[in-house]
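J.: Generate a structure from the sequence data that follows.
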Amino acid sequence: MQTLRGKAAIVTGASRGIGAATARLFAELGAKVVLVGRSADAIQVLADEIGGVAAPGDVTIYEDVERAVGMCVERFGRLDVMVNNAGAIAPIARLADSDPAAWAEAADVNFKGVYHGLRAALPVMLAQGGGTVVNVSSGAAVRPLEGWSHYCAGKAAALMLTQAAHLEYQDQGIRVVGLSPGTVATEMQVLIKASGINPASQLDPSVHIPPEWPARAIAWLCTPEAAEFAGTDVSLRDETIRRRIGLVG
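T.: Predicted coordinates:
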């Protein structure tokens, strides 16, 4: 993972959970990190802690993502890694009970947020001759879950964006890959537990992996060792993958 040393990276949804853990790890590995999130104070505190750059913004607004890419290029001269991590699970509700505006807002984060990250990053990466995009996915991309129609549909759409970007740019030095981390001990799991809907809400908290695990997986996906997975979603539930990353013996 030392291949990240000196690289410039953007992490969305960086105020907490997987995003914050990824930003910290990237900085520890010597990368220069731009943190994107709606919680301006939280990302500023973390940016100061790791020596990164805070770029407050909403991934559902293209201009905010474009601004973050511009900040990265202005500050570091390039953009090597784009981590589209921002995601939303609330409000959890069956379709007939869902609020249309809230449903659309969550779907926009999970789907359009990934598109905006790709659209803003790809021209820079193409101009410099290469780059890596990691889209944080979910098993929900291929499996419907009660009450999660917005999340499942958004993640399924994001998976198709991963595949489409791979198809279009794999021969131009661009690696686009998804990571399905499984259940992670983040605030999202608190919301899922509170909903009481579908089997995911019944899981014991002890089964959730720490956010540092998907952070390490994201860093690993940026290395030459993971090149074979371009255009796919890699599942962190897979023991073989965990072993290759070094998460299990």
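J.: From here on, just use CA atoms for contacts and neighbour counts.
T.: OK.
J.: who's in contact with G129?
T.: Neighbouring residues of G129 by C-alpha atoms under 8 Å, 6 or more residues apart in numbering: 172-173.
J.: ok, now with 10 Å
T.: Taking C-alpha atoms under 10 Å, 6 or more residues apart in numbering, we find G129 in contact with 80, 123, 172-174.
J.: Among these, name the ones in strands.
T.: Of these, the ones assigned to strands by DSSP state E are I174.
J.: Show me the two of the contacts of G129 that sit farthest apart.
T.: Taking every pair in the contacts of G129 and measuring C-alpha to C-alpha, the maximum separation is 13.7 Å, between D80 and Q172.
J.: Show me which of these two is the more surrounded one.
T.: Neighbours around D80 and Q172, counted as other C-alpha atoms under 10 Å, are more numerous at D80. The numbers are 26 against 14.
J.: tell me the pLDDT at that one?
T.: Per-residue confidence (pLDDT) for D80: 98.
J.: Could you find the closest non-adjacent residue to it?
T.: Distances taken as C-alpha to C-alpha, 6 or more residues apart in numbering place G131 nearest to D80, at 4.7 Å, with adjacent residues excluded.
J.: and I209, how far is that from P100?
T.: Going from I209 to P100 by C-alpha to C-alpha, to the nearest Å gives 32 Å.
J.: With neighbour numbers in mind, choose between those two.
T.: I209 (17 against 10).
J.: show me what contacts the nearest residue to that one once chain neighbours are set aside?
T.: Of all residues not flanking I209 in the chain, V184 sits nearest, at 4.8 Å (C-alpha to C-alpha, 6+ apart). Residues in contact with V184, defined by C-alpha under 10 Å, 6+ apart, are 17-18, 205, 207-214.
J.: re the thing from before, looking at strand pairing, list the partners for the residue nearest to D80.
T.: I174 (DSSP bridges).
J.: count of neighbours near it?
T.: G131 has 25 nearby residues by other C-alpha under 10 Å.
J.: List the contacts of it.
T.: By C-alpha under 10 Å, 6+ apart, the contact set of G131 is 7-9, 78-82, 121-122, 124-125, 172-176, 222.
J.: Understood, closing this out.
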